[in-house]
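Q: Attaching a predicted model along with its sequence, questions to come.
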Amino acid sequence: MSSQNPGCLGFLFRLFGGSESRLPDKLPYRIRDDFLSRAELSLYGVLRLAVGDQWVICPKVNLSDIFYVVGEEKQSWRNRIDRKHLDFLLCDAQTMQPVLGVELDDRSHARRDRQESDAFKDKVFRAAGLPLVRIQARANYSVTEISTLLRSAMSPTSQAANPPAPTPKTGTQAPSPGAPICPKCGVAMVVRASRKDGSRFYGCPNFPRCRHTAPLVRP
Ligand SMILES: [Zn+2]
């Protein structure tokens, strides 16, 4: 709002304020006591028992930390996810590659606005190929039941969710006529050179968000 049309106050702020030296001694930030709600904390405890050391549980992850946008109108699609959070993201403990989203559905999810938001979230996960499970809030959970639910949600795409082989450090991008299309992003790949041994290969221009590579075929 004010950033669109800063007006007089915005002008004065830029003129006299905004520098860190003018900040008050004690800033008005305090630690929240409800980082996780009671219901979230309860599910978190069960998730910890269910996943063991295999995965790491990240609570409250912004969707724009998980997903990136491909194709046209990037900013508009980014705006649709950048204030949305996932309750819990499970990542591979070694690579921290996301493997599964977990949403806790409490009573607020029965509201119409929440239902629309949930439906959108489901579509985002489906489009990106990251499985998402919804767990109904309960007073008690069975660890075995939750563990089975997580593993079965992961299994159909577990291959795709596996991290790709490590990509060599890349050099500068070069225009690549006749380059293959990245199957993940749908954009033409670029020729890159390995910093290690100078060998050339096709890499996705969205690197490091997308690490898809293809061998360079010589004529
Ligand atoms: Zn790509």
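A: Arrived safely, thanks for sending. Numbers count the residues shown, from 1 in each chain.

Q: Tyr141 versus the residue nearest the centre of the chain, what's the distance?
A: In the chain, the residue lying closest to the centroid (CA atoms, centre = their mean) is Ile66, at 0.6 Å. Using CB to CB, to the nearest Å, we find Ile66 at a distance of 24 Å from Tyr141. Yep, even glycine has a C-beta here, placed from its N, CA and C like the rest.

Q: Determine the number of other residues adjacent to Gln54.
A: 12 (other CB atoms under 10 Å).

Q: Chain neighbours aside, what residue packs nearest to it?
A: Ala93 (6.0 Å; CB to CB, 6 or more residues apart in numbering).

Q: Quick check, the one you found in contact with Asp53.
A: Yes. Shown here, Ala93 and Asp53 form a contact pair, counting by CB atoms under 8 Å, at 6.1 Å.

Q: Show me which of those two is the more surrounded one.
A: A direct count of neighbours by other CB under 10 Å for Ala93 and Asp53 places Ala93 higher, at 13 against 6.

Q: tally of neighbours for Phe67?
A: Neighbours of Phe67 under the rule other CB under 10 Å: 19.

Q: pLDDT score for the nearest residue to it once chain neighbours are set aside?
A: Take Phe67 and drop its neighbours on the chain: the residue closest to it by CB to CB, 6+ apart is Ala128, 5.3 Å away. As predicted, Ala128 sits at a pLDDT of 96.

Q: pretty sure Ala128 contacts Ser64?
A: No. Using CB under 8 Å, Ala128 is not in contact with Ser64, being 11.9 Å away.

Q: Run through the residues that contact Asp82.
A: Asp82 sits next to 62-64 when contact means CB atoms under 8 Å, 6 or more residues apart in numbering.

Q: could the residues you listed be laid out in TSV, adding neighbour count?
A: Formatted as TSV, the contacts of Asp82 follow (neighbours: other CB atoms under 10 Å):
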residue	neighbour count
Asn62	14
Leu63	21
Ser64	16
